[in-house]
Every structure is written in C-alpha cells, then in structure tokens.
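Colleague: have a look; sequence and predicted model below, questions after that.
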Amino acid sequence: MSIISIENMRYTWPKTDSPGLDISGLSVGQGETVFLRGASGSGKSTLLGLFAGTLTVQSGTLKVLGTELASLSPRERDSFRANHIGIVFQQFNLIPFLTVAGNLRLAGSFSRGSRQDFREKSEVLLQALNLDLGLLQRRADTLSVGQQQRVAIARALINDPELLLADEPTSALDADTRDSFMRLLMSIRDVSDCTMIFASHDRSLMKYFDTEIELSEFNRAQKGKASRV
Amino acid sequence: MFEVALSSLWSRRGSVMLTVASLTISMVIVIGVEHIRAQAKSSFVRTISDVDLLVGARTSQINLLLYSVFRIGNATNNIRWESYEEIATRPEVSWSIPLSLGDSHQGYRVLGTNSQYFEHFRYSDSQELRFSEGRPFSDVLHAVLGSEVANSLGYELGKEIVLSHGIGNTSFVNHENLPFTVSGILAPTGTPVDRTIHVSLQGIEAIHLGWQNGAQVATLGIEKEDPRLVDLQPTQITAVLLGLETPMAVFGLQRAINNYPREPLTAILPAVALGELWQIIGTLEGLLNIISILVLIASLLGLSTMLLSSLRERSRELALYRAIGARPLFILLIIELEALSLTLISVCMSYFVVTAGLALTQSWLSENFAIVIEVWPTTSNIWLYMGGAIAASAALSLIPAGIAYSRSLGYVLRSA
C-alpha cells in the first residue's frame, strides 16, 4: 500500500493566481524513507503541510494512508494528524513553558491512544534517543537545542504515527550534533518502522535515505516559472 | 489543558500578576462598595423597629427622623408636656416613649426618657434592649450608657459623670452641680443607642432647674440634696415614640396629631421616613455602583488587551498546538481558560481582601460611624457581581480568543 499517492494535484496559495505546487504523480510506499530536496522557498514546507492536512489541495487527489484528506472535515483532519502523523520542525518543536513530560503528554492528549502505557512509552523513546530520564521534569526551554530536537522526535513518535514528517530538523544543529541526530533518527525509525519524509536542502544528508525526491523536478509549477525566467 | 493554561500564565507571570492586581483592585471596589452599601442600609433601617408613629414639633419628616432617631442635628421646637400626656392617654395608644434631647457628655448625646424606653424600644427585627451590666435608672440622677459610650470612655457602673449643656463636643457650660451616676450599661445594638447616654426626664429637668433661657443663673442652681428633686415634673420634651393597640389606627391618629389644635405637631411613620431618607442617600449609592462597575470593565478590558498583545509572541506556540493535532477550538479554549483563571483568582483574592480589610476596620467603623458591618460579604448582590465579573471576562476575552482561533485556522505547517 502506498502511504502517499498524488495524482494531478494542484495547490495555489491564497491571494495568488499561479499554482505554487502542481504535481502530476508521486507515490511513497510503506516503510520508505524519502529525502525531499529543494531550495528554500521551493515549496517543501507547503508540500509537507498538504501531507499533514494543515493545507488542502484545490484540485487533483492527495491520499495519505489511503485517505483523501480534502474529503475530511477540518476537525477530522486535525484528529487524523494527531493519530497518524508525527512532525519534527527545524526549531520551536516544544511548548517552552511545559516540561518535557508535559510536552509528550500534550501530544498524546490529542490522539485517541491509550494513556496507560504512556509513561513507559515516553521513557523508552527518551532512552532510545540517548536522553536522560531526568529531563522529563525539566522545562523544555532549559534544554540545549540538540536535546530539544531529540525530544521533538520523541514527541513526534509518541502516538506511533504511520508517517513521520521532518522539515529541516537539522538546520539549527552544528555538524557534529547533526550526524548523531541523523543516526538516532534513522535507528529509531528502523525500530518504529514508520514511513518518513525528510525535507532538507542539505545534499550531504542524502546518504541516510532510500529515495530522493527533487521537488523542482516534480513540481510543474516551478518548472514553468524556471523556463520563463 | 489546565496544565497548559496555567504553565503558560506562569511563564508570563510579570504581566499576568499586574493584570491580576488590577482586576483584584477593581473587584475589591465592586465588592467593597456593594457590601458597605448593603450593610449601611441594613444598619440604617434597623435603627428603629416596631414604632408606629414618631411625633415631634412641626417640621419635615426627615428632619424629625434625623434628630430624634439618629441624633443628628437639633430639634426646631419642643412638645409641651401637656400635649404629650394628652396624646399618650388616647385610647388607641398602647405605649409611648417620651424623648428629650439637647444635652451631651463628651460629644455623646444625652437622652431624657422614662422606663417605657427600656421596655418598649425595639431595633433591628423587634430586638429588645438588653443590659450588659446594671439596670435601668431608678433615681433622678442615674444614667444608662450605650455600649459604645461605656467602651470608648472607659466608664463602669458607679462612675459619676457631668453632663454638658448643648451638643458640642467641647461645651463650656457644664452641669457640674449635678453629677449623674452610671446605673447600667446596654449591650451593643449597632444603632445610635450605642452612642447615647440615657437619663430620666426628671434628671434633664433637674440639671436645668437653675437655668433660664439657656444660660445658668448661678444663684438659682440646685445641689444634690435639694428637696425640689423629688417631685420634678417635665415641662417639655423633644419627641415621642408611639406604639398603637392596632396598626389600623395609625393613619387616623397621624391625622389627629398633625391637626392637633393646641400646638403645631408632626406625626410620621418611621418606616416611610426611613425609606424616604434612604432614597436621598440611594442616589449616591447608585452612582458609586456605576463607578465601581466601570472600573471593573476597564480592568477586564485590560485583561483582554494583555491576552491580545501576548498573541504575537505566542504565534509559534499556537501554530505548534495545531501541528501536533490540536483543533482550532483548543486554541480558543486555552485563551479563554487563561482569562477565566485570572479572573477567578482575582475574584477570590478580592473577596478575601475585603473580608480582611473589614475585619481590621470593623471596630473603627462602628466607633466612628456607628456602622456595624459584618465581616463576610454574603448578600446575593455580591455573588451576582462576582459571577458577573467572571461571565464578563469570559465574554470580553472572546476577542483575543476569537482572533487566535481565526488565525490558527490558517496556520501552515510551520513553526517559524
């Protein structure tokens, strides 16, 4: 089963005429790790937003986990996102005034997963990410950036999502922490076996992934613009 | 969710505490004004009870009420003793209390009356006067003190006191030749009775025996052993409280007294006069209520402003909630919850500030203004105001909450 399938999808930003994204076909299979490459401003975040259901396509089909997101109500999309999709951002992944435990609990509270094994699950995740369990009671904004990004992975995976979206999660990290971050991310993904789409402009990270998507090659809107210039 | 709202507030405790302080102060004003108003009113209304008619020389009913019941101001004229006797013996009259005012002691009014006073005078809800010590006067030169007089001057039974002519605090003309002995002290009533020194009508006559036209003629003064003290007859009094056999007779007797042929008299229904007097004060009270409510609205708007201006710095936080699966309604509720918790904290704090403040000033208020105030505000109006404040804060914070809600609808998958 393909986790993501796109057919003749168009997305136009509000208050603009020309489509920002226009993709004729794209498919991501179960368990794949995809490196979504593109320069900044090329529409990577927009595409991830469409996958996550915070944006909806205007025409064509976009199916995530076999579900046509545009056909869901806004409320169903929010709950779909909470239950099936984990997201890691470049920065500001955690609510700064909550503890690490509080952040994980909050993410858990939006999904319909059971609360019982929650504590155990967060501890397993933190350990897998080489994080001290003492951090659970620390406020998120007292953590180093590297720690925050690793907690963000735990937060993204706490509801056992089928799809993990990462949007430039390493760009705030220095070279050393970036490599250890990538290794941890890939190993924990191997364990949880979710499908991952990792957006970045950094080609050096490509070696970690099965598949590479160069966004500008798929996006007809972008191509047209390039040829006009 | 509560965890999120409370931690979020705690992380912005600087501006949050200022907002709470402003809300608390305005709620203190609202609760304080309402409570003191209600207490003053009840304290006011309970000064006199069970009296069917109040009779004095011809004057306005408010003036008569003020000088005879509240001991404020002076009588314009007196009632002749013969008129009093004639009214008091009318068949529809059940009991009568003569009142004679005009002297003072250390700024406290002296009231000349008779034993009927201790038997029939009622205050609050038909409460009788009770003695905390001693008994009613049995001698011409006995005095019964109100509780506050005894307390603040430190007088005890057996103490000899000298009355002053007139009602000034520092009268220069004292009735030094005839000191009175304290025979009893009344229990506190929360009415002007507490600030009154009661003596017999004969006592009042006695100290004025040697006086003519309000000045002492030295040679005429009498001493304690003077035989004339024995059968003194009052010649005039200031006012009369009447209790009737049947309430039906009130209007007939009132008309009869108002048309009394031998001297101009006024008879009033105390409850009606109290109501009229309170209406005058009531205008001010309404104004105070309006001002306090405006102050409250101003600080509630301040709360909304605080929340609204925090939205800018919180845009990433709010976007993140959405990214991890929160509905826009969650965003709205978070902001509302924050506003409500702040208001709730302020309302509770203000209630205790008012209570503590009243507990501290209670004795001072009763000594200086004779307002007996209960420490715990419990009138239904106060609960109404507290509930109203919470409801109003919920309504007003819909502005920032609604803005946050509509913004969060359009959040892209971005945290930056």
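Modeller: Structure received.
Colleague: and the residue of the stretch 1-150 of chain B closest to chain A?
Modeller: B:Ser11 (3.4 Å; Cβ to the nearest Cβ). Yep, even glycine has a C-beta here, placed from its N, CA and C like the rest.
Colleague: output the longest helix belonging to chain A.
Modeller: In chain A, with assignment by DSSP state H, the single longest helix is helix A:175-192.
Colleague: pLDDT of it, averaged?
Modeller: Taken as a whole, helix A:175-192 has an average pLDDT of 88.
Colleague: mind giving me the packing neighbours of it?
Modeller: Contacts defined by 3 or more Cβ pairs under 8 Å, 6 or more residues apart in numbering or on different chains; DSSP states H and E place helix A:175-192 against helix A:118-128, helix A:145-157.
Colleague: where among those helices is average confidence lowest?
Modeller: Mean pLDDT is lowest for helix A:118-128 out of the helices and strands packed on helix A:175-192, coming in at a mean of 85.
Colleague: roughly how far is it from the heart of the chain?
Modeller: 20 Å (Cα atoms, centre = their mean, to the nearest Å).
Colleague: I would like the residues contacting it, please.
Modeller: With contacts defined as Cβ atoms under 8 Å, 6 or more residues apart in numbering or on different chains, helix A:118-128 is touched by A:100-101, A:104-105, A:108, A:132-133, A:135-136, A:151, A:153-154, A:157-158, A:184, A:187-188, A:191.
Colleague: regarding B:Leu342, what is its secondary structure?
Modeller: At B:Leu342 the chain is in helix, as set by DSSP: H, G, I helix; E, B strand; the rest coil.
Colleague: all helices for chain A, in order.
Modeller: A:44-52, A:74-84, A:100-110, A:118-128, A:145-157, A:175-192, A:215-218, A:220-228.
Colleague: can you check which of those gets nearest to A:Phe209?
Modeller: Evaluated with Cβ to Cβ, the helices of chain A place helix A:175-192 nearest to A:Phe209, the distance being 8.6 Å.
Colleague: buried residues in that closest one?
Modeller: For helix A:175-192, burial by neighbour count (16 or more other Cβ atoms under 10 Å in any protein chain shown) applies to A:177-178, A:181-182, A:184-185, A:188-189.
Colleague: run the angle between it and helix A:118-128 for me.
Modeller: On the basis of axes from the mean of the first three to the mean of the last three Cα atoms, to 10 degrees, helix A:175-192 is oriented at 130 degrees to helix A:118-128.
Colleague: what does helix A:175-192 contact?
Modeller: Here helix A:175-192 makes contact (Cβ under 8 Å, 6+ apart) with A:33, A:125, A:128-130, A:145-146, A:149-150, A:153, A:157, A:160, A:164, A:166, A:169-170, A:173, A:196, A:205, A:208.
Colleague: mind doing that once more with 6 Å?
Modeller: Residues outside helix A:175-192 that contact it (Cβ atoms under 6 Å, 6 or more residues apart in numbering or on different chains): A:128-129, A:146, A:153, A:157, A:170, A:173, A:196, A:208.
Colleague: then it to PDB, C-alphas only?
Modeller: Taking Å, rounded to 0.1, in the frame of the first residue of the first chain, the C-alpha atoms of helix A:175-192 are listed here in PDB:
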ATOM      1  CA  ALA A 175      27.800  19.400  12.100                       C
ATOM      2  CA  ASP A 176      28.600  17.000  15.000                       C
ATOM      3  CA  THR A 177      25.200  17.000  16.600                       C
ATOM      4  CA  ARG A 178      23.700  16.800  13.200                       C
ATOM      5  CA  ASP A 179      25.300  13.500  12.400                       C
ATOM      6  CA  SER A 180      24.500  12.000  15.800                       C
ATOM      7  CA  PHE A 181      20.900  13.300  15.400                       C
ATOM      8  CA  MET A 182      20.600  11.700  12.000                       C
ATOM      9  CA  ARG A 183      21.900   8.400  13.200                       C
ATOM     10  CA  LEU A 184      19.500   8.400  16.200                       C
ATOM     11  CA  LEU A 185      16.600   9.400  13.900                       C
ATOM     12  CA  MET A 186      17.300   6.700  11.400                       C
ATOM     13  CA  SER A 187      17.800   4.000  14.100                       C
ATOM     14  CA  ILE A 188      14.600   4.900  15.900                       C
ATOM     15  CA  ARG A 189      12.700   5.000  12.600                       C
ATOM     16  CA  ASP A 190      14.000   1.500  11.900                       C
ATOM     17  CA  VAL A 191      12.500   0.300  15.100                       C
ATOM     18  CA  SER A 192       9.200   2.000  14.700                       C
END
